[in-house]
Each structure stands twice: as structure tokens, then as C-alpha cells.
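K.L.:
coordinates for the following, if possible.
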Amino acid sequence: MINRETIVKKIEKLPPHLLQEVADYIDFIIYKRSKYKNFKVDDITLASEKSLAKDWLRPEEDEAWEDL
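P.N.:
Numbering: from 1, shown residues only. Model (predicted):
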């Protein structure tokens, strides 16, 4: 397994014009991981929406939330 120090050494050897490309790729990896994590949460939320809607759409719920 590669460690941070090895990666830093490789980056230090790169010509300056490639540093932006490396930075962009790192940003892409971070974005991809955060999107994947959020996707799972969104799936759970969407899956539970129909089952919870029967409780949300009751007059008692409207009364409970009307002052907020």
C-alpha cells in the first residue's frame, strides 16, 4: 500500500504545469466520495418518504406544525 510520503515525493518530481492536473484529480476523488455517501442517504430518504407520508399528511400533523 502506498503512503502519503511516497505520493508527496512523486508530486515533488512533477513539472509545475502538471500540478493543476493533479490538484483537479484530487478534487474529483473528494467530490466522488462525498457524492457517493450523500447518494446513500438520499436513497434512504426517498425510500422512506411514501411510508412516512401517511403520517405527515394527517390533519393532526398540520395542527402540530402550524405555529412554526
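
K.L.:
beyond the helix or strand where Lys54 lies, next helix or strand please.
P.N.:
Secondary structure assignment for Lys54, by DSSP states H and E: helix 19-56. Past helix 19-56, further along toward the C-terminus, the next helix or strand under DSSP H and E is helix 59-65.

K.L.:
so where is the chain shaky, pLDDT-wise?
P.N.:
Residue ranges of the chain with pLDDT under 70: 35-43.

K.L.:
pretty sure Val22 sits against Lys13.
P.N.:
No: using Cβ atoms under 8 Å, Val22 and Lys13 do not qualify as a contacting pair, with a distance of 11.4 Å. All C-beta atoms are positioned from the backbone trio N, CA, C, and that covers glycine.

K.L.:
what's the neighbour count on Val22?
P.N.:
If you count neighbours by other Cβ atoms under 10 Å, Val22 ends up with 13.

K.L.:
secondary structure class for the nearest residue to it once chain neighbours are set aside?
P.N.:
Nearest residue to Val22 in three dimensions, chain neighbours excluded: Ile11, at 6.1 Å (Cβ to Cβ, 6 or more residues apart in numbering). Assigned state for Ile11: helix (three-state reduction, DSSP: H, G, I helix; E, B strand; the rest coil).
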